[in-house]
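Chemist: Fold the stuff below for me.
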Amino acid sequence: MSAPLGVAVLGTAFMGKAHSAAWRNVGAMFPDAPATAMRVLCGSDPERTAASARILGWQEAATDWREVVTRDDVQIVDICTPGHLHAEMATAALAAGKHVLVEKPLATSLAEAERMAAAAQRAAGASMLGFNYRRVPALALARQLVHEGRIGRVRTVRAAYLQDWLVDPEAPMTWRLRAETAGNGALGDLGSHVVDQILAITGQHVTGARGALRTFQQQRPGPDGPEQVTVDDAAWAQLELDGGTVASLEVSRVATGSKNALTIEVHGSDGALSFDLERLNELVVTEGRAGWPARVLVTEPTHPDLEAWWPPGHVLGWDSTFVMQAAALLRSIAAGQAPEPSFADGLAVQRVLDAIERSDAAQGAMMPLGDAR
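Modeler: Here you go, the predicted structure:
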């Protein structure tokens with residue numbers, strides 16, 4: 001029996017906790033995947049990291065990520081830190097021969113994303129980007145139906161990702177609101193998910209983008225007084241795809257009443273699909289030009305990625321997507337195959353985000369992307 005693959009997670013906050021839970025549960029739900037050992041949780045604060053490691057089930061805690069990514073007992077490095085650290089950490093881990101998983105978005109700039117994709121192409125280890133919504137069975141089913149031609153030629157996609165955690169003007173300053181640590185705001189945080197879904201579901205590539213960004217709250221309370229917000233609160237875009245599809249995108253972290261509302265509508269020549277993340281287990285399918293919308297509860301064992309889970313009707317939660325993400329990486333490693341989504345997929349998304357930002361700077365001009373494959 002092969003020795004378990006040692007895992008290290010870099011980052012102890014929201015995503016560090018979500019990924020830790022996935023590594024703790026992946027062996028139970030996917031016993032066919034290679035076994036893992038939760039070696040070390042790495043964070044910047046020694047006391048908080050030690051406490052989190054105990055609670056989340058890690059063998060050790062550490063504060064020096066450079067030492068962690070070169071350890072002989074670590075084969076997988078899972079990066080859940082703020083975006084400005086992704087490039088340095090991922091390239092160092094890949095250079096050390098590790099398999100690498102990076103939370104989205106891939107980087108804080110197009111230049112960083114290009115360097116990371118190039119490093120991944122050269123590396124011996126597997127590299128994967130953490131777009132966990134690719135693991136939502138209902139969205140996987142939507143992708144399958146589109147690729148099978150069940151709704152005909154895709155004409156339009158309308159997608160939005162709306163949250164309201166920054167509606168309160170007294171919501172405190174965080175790294176997510178600083179361009180130097182986050183790259184951009186709602187556009188990168190939420191828009192990266194939306195763009196990835198548009199690309200994955202349609203199977204097409206973006207050839208042009210026009211967009212607009214807006215920061216509604218210019219300052220936020222910081223520990224030493226008001227601080228300037230240097231990223232967007234909301235963004236809008238129109239995308240042109242190489243298959244003739246037109247997609248519209250809206251993202252916001254100041255959308256009052258919306259908690260985690262990723263909604264996607266796909267309209268084809270012979271049918272349509274719609275999805276709402278706040279009803280994660282459902283896909284609304286309209287087949288035929290005169291068909292009626294039908295709610296499909298995506299919990300059957302024949303639906304994508306559900307063979308390891310519960311009996312039909314026993315719904316999954318948001319946290320399950322991270323377990324499936326970990327399993328997908330492990331299975332790819334075992335098979336010697338490139339995981340999906342790849343750093344190249346992340347680069348494609350980053351090109352679109354960059355074009356939207358440039359369009360905003362050019363007062364909404366359409367920005368051509370050319371062949372972004």
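Chemist: List the buried residues in stretch 290-303.
Modeler: In terms of neighbour count (16 or more other CB atoms under 10 Å), stretch 290-303 has its buried residues at Val296, Val298, Thr299, His303. All C-beta atoms are positioned from the backbone trio N, CA, C, and that covers glycine.
Chemist: I meant stretch 94-112, not that one.
Modeler: For stretch 94-112, by 16+ other CB under 10 Å, it's 94, 96, 98-110, 112.
Chemist: Next step: those residues restricted to strands.
Modeler: His99, Val100, Leu101, Val102, Glu103 (DSSP state E).
Chemist: Which residue comes closest to Ala22 once chain neighbours are left out?
Modeler: Phe322 (3.7 Å; CB to CB, 6 or more residues apart in numbering).
Chemist: no wait, Asp32
Modeler: Counting by CB to CB, 6+ apart, Arg331 is the residue found nearest to Asp32 once chain neighbours are left out, at 7.7 Å.
Chemist: do the same with Val146
Modeler: Nearest non-adjacent residue to Val146, counting by CB to CB, 6+ apart: Ile201, 5.5 Å away.
Chemist: In a helix, the one you found, correct?
Modeler: Yes - assessed with DSSP: H, G, I helix; E, B strand; the rest coil, Ile201 lies in a helix.
Chemist: is it true that it touches Val266?
Modeler: Yes - applying CB atoms under 8 Å, one finds Ile201 in contact with Val266, separated by 6.2 Å.
Chemist: Next, show the common contact partners of these two.
Modeler: By CB atoms under 8 Å, 6 or more residues apart in numbering, Ile201 and Val266 have these common neighbours: Ala142, Val146, Val157.
Chemist: Return the member of those residues nearest to Ala255.
Modeler: Val157 (19.4 Å; CB to CB).
Chemist: what about this structure, any weak spots by pLDDT?
Modeler: For the chain, applying pLDDT under 70 flags the ranges 1, 370-373.
Chemist: ok, 90 please
Modeler: Within the chain, the stretches with pLDDT under 90 are 1-2, 288-292, 305, 307-308, 370-373.
Chemist: Name the residue most distant from the centre of it?
Modeler: No residue in the chain sits farther from the centre than Ala290, which is 35.0 Å out by CA atoms, centre = their mean.
Chemist: Could you check how far that one is from Ala126?
Modeler: Look at Ala290 and Ala126: by CB to CB, to the nearest Å, they are 46 Å apart.
Chemist: same question, Ala361
Modeler: 36 Å.
Chemist: Quick check on the two: which one has the bigger neighbour count.
Modeler: For Ala361 versus Ala126, neighbours defined as other CB atoms under 10 Å are more numerous around Ala126 (22 against 12).
Chemist: nearest to Gly83, of the buried residues of stretch 290-303?
Modeler: Among the buried residues of stretch 290-303, Val298 lies closest to Gly83 (CB to CB), at 31.1 Å.
Chemist: how many neighbours does the nearest residue to that closest one once chain neighbours are set aside have?
Modeler: Of all residues not flanking Val298 in the chain, Ala138 sits nearest, at 4.2 Å (CB to CB, 6+ apart). For Ala138, the count of nearby residues is 26 (other CB under 10 Å).
Chemist: cool, the one 3 residues further on as well?
Modeler: Other residues within reach of Leu141, judged by other CB under 10 Å, total 22.
Chemist: Pretty sure Ala107 sits against Gly183.
Modeler: Yes - between Ala107 and Gly183 there is a contact under CB under 8 Å: 7.1 Å.
Chemist: what residues are shared contacts of those two?
Modeler: Gly83.
Chemist: Mind jotting down where the helices sit in the stretch 151-300 of the chain?
Modeler: 179-182, 186-189, 191-202 (DSSP state H, counting those that start in this stretch).
Chemist: nearest to Val231, of those helices?
Modeler: Val231 lies closest, by CB to CB, to one member of the helices of the stretch 151-300 of the chain: helix 179-182, at 5.4 Å.
Chemist: center of this structure, which residue is that?
Modeler: Central residue of the chain (CA atoms, centre = their mean): Phe131, 2.5 Å from the mean position.
Chemist: you'd agree it is up against Val194?
Modeler: No - using CB under 8 Å, Phe131 is not in contact with Val194, being 10.5 Å away.
Chemist: any idea what sits nearest Thr108, other than its immediate chain neighbours?
Modeler: Using CB to CB, 6+ apart, the nearest residue to Thr108 is Gly183, at 2.9 Å.
Chemist: For that neighbour, give me its contacts.
Modeler: Gly83, His84, Pro105, Ala107, Thr108, Ser109, Val231.
Chemist: What separation is there between the first one and Gly346?
Modeler: In this case it means Gly83. Counting by CB to CB - Gly83 and Gly346 are separated by 11 Å.
Chemist: where do the contact lists of these two overlap?
Modeler: Common neighbours of Gly83 and Gly346, counting by CB under 8 Å, 6+ apart, are Pro105, Ala107.
Chemist: on that earlier part again, how about TSV for the ones in strands among the buried residues of stretch 94-112, with distance to His314 added?
Modeler: Putting these into TSV (distance: CB to CB, whole Å) gives the following:
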residue	distance to His314
His99	32
Val100	33
Leu101	28
Val102	31
Glu103	28
